[in-house]
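# here are the coordinates; sequence isn't available:
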């Protein structure tokens with residue numbers, strides 16, 4: 001999943017830097033919305049896959065899906081309020097992702113559960 005989002009940010013940066021200015025002003029929202037919609041779909045199916053991991057990973061993907069949904073709606077509708085909601089959910093997603101990654105690294109290092117990740121697939 002993580003290389004996917006690295007590729008997303010690189011692709012979005014190239015889109016914003018090199019292509020967005022070449023799109024007619026009236027079509028930028030639709031173009032950006034289509035770009036975001038692709039990653040909304042990818043994130044939604046990764047959320048389904050996360051149902052077999054842990055609660056910590058699942059909540060990150062649920063929040064990320066909501067982030068992309070609101071940003072996609074905001075782009076298509078030209079709605080700053082939807083973009084702001086998506087941005088705030090994105091910040092919450094980052095905090096959740098920091099916790100999930102910290103818990104994963106800490107628990108692996110200590111070889112025990114120091115920070116709970118709430119397993120969904122007990123072995």
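Nice, thanks for sending it over. Remember, it's a predicted structure, so these values are computed and weren't measured experimentally.
# around residue 41, how many other residues sit close by?
Neighbours of residue 41 under the rule other CB atoms under 10 Å: 13. Every C-beta, even on glycine, is put in place using the N, C-alpha and C of the backbone.
# now for the chain, the helix or strand with the poorest mean pLDDT.
Between all helices and strands in the chain, the lowest mean by mean pLDDT, DSSP states H and E belongs to helix 2-14, at a mean of 93.
# that one: which residues count as buried?
residue 8 (16 or more other CB atoms under 10 Å).
# element containing residue 67?
helix 55-77 (DSSP states H and E).
# and that helix, what does it pack against?
helix 28-49, helix 80-110 (3 or more CB pairs under 8 Å, 6 or more residues apart in numbering; DSSP states H and E).
# could you dump those to CSV with distance to residue 119?
Shown next, in CSV, are those (distance: least, CB to CB, whole Å):
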stretch, distance to residue 119
helix 28-49, 15
helix 80-110, 11
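# looking at those, which is closest to residue 68?
helix 28-49 (4.0 Å; CB to CB).
# return the distance of that closest one from the chain's centre.
9 Å (CA atoms, centre = their mean, to the nearest Å).
# what is it packed up against?
helix 2-14, helix 55-77.
# now distance to residue 83 too, for the ones you listed, in JSON lines please.
Formatted as JSON lines, the helices and strands packed on helix 28-49 follow (distance: least, CB to CB, whole Å):
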{"stretch": "helix 2-14", "distance to residue 83": "14"}
{"stretch": "helix 55-77", "distance to residue 83": "4"}
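# closest to residue 31 out of those?
Residue 31 lies closest to helix 55-77 among these, at 8.4 Å (CB to CB).
# hmm, who's touching that closest one?
Here helix 55-77 makes contact (CB atoms under 8 Å, 6 or more residues apart in numbering) with 29-30, 32-33, 35-37, 39-40, 43-44, 46-47, 50-51, 79-83, 85-87, 89-90, 92-93, 96-97, 99-100, 103-104, 116-120.
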